[in-house]
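Colleague: A structural model of the following input is requested.
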Amino acid sequence: MAKVQVIARAVAREGKEDDLRTLLQSMLAPTHLEPGCELYELYESDAEGRFYFYEIWESQTALDEHAATPHYRHLQQTLGELLEEPFEINLLAEIPIGTTAR
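Modeller: Reported below is the predicted structural model:
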């Protein structure tokens, strides 16, 4: 099965930066324990209130199972009041050297 790489972005509503940071940090420990999770890292941008997850999953099935966990469902239920923009999830496709545009 093909690995799945993800970059997810969350932008905090003004005044909600600390609450969002805490919520996103709460995802790290339980997600690292999930089968199929190869990498799950949280980053904060130098632009205040912007947070990014970088994830590598062993398969689409593993990512789908992640989305069904209680901690992910809690994240989805809680994010709305903290975000300035919709939570953005991007599945990545590598562009090898020497390839042409799609």
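Colleague: Give the helix, strand or coil label for residue 19.
Modeller: At residue 19 the chain is in helix, as set by DSSP: H, G, I helix; E, B strand; the rest coil.
Colleague: Going by neighbour count, list what's buried in whichever strand or helix holds residue 61.
Modeller: According to DSSP states H and E, residue 61 maps onto helix 60-67. Of all the residues in helix 60-67, those buried under the rule 16 or more other CB atoms under 10 Å are 62, 63, 65, 66. Backbone N, C-alpha and C define where each C-beta goes, glycine included.
Colleague: any chance of those residues in TSV, with distance to residue 26 and pLDDT too?
Modeller: TSV is the format used below for those (distance: CB to CB, whole Å; pLDDT from 0 to 100):
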residue	distance to residue 26	pLDDT
62	20	97
63	19	97
65	19	97
66	14	98
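Colleague: Out of those residues, which is nearest to residue 51?
Modeller: Nearest to residue 51, judged by CB to CB, of the buried residues of helix 60-67 is residue 66 at 17.4 Å.
Colleague: so that closest one makes contact with residue 33?
Modeller: No: Residue 66 is beyond contact range of residue 33, at 11.0 Å (criterion: CB atoms under 8 Å).
Colleague: ok, residues contacting the helix holding residue 61?
Modeller: Applying CB atoms under 8 Å, 6 or more residues apart in numbering, the contact partners of helix 60-67 are 1, 2, 4, 6, 31, 34, 35, 36, 37, 55, 57, 72.
Colleague: Of these, which belong to helices?
Modeller: Filtering those for membership in helices, criterion DSSP state H, returns 31, 72.
Colleague: Mark which of the contacts of helix 60-67 are buried, thanks.
Modeller: 4, 6, 31, 34, 36, 37, 55, 57, 72.
Colleague: which two in the residues you listed are spaced the farthest apart?
Modeller: 4 and 72 (14.9 Å).
Colleague: quick one: low-confidence parts of the chain?
Modeller: Counting by pLDDT under 70, the chain has low-confidence residues at 1, 99, 101-102.
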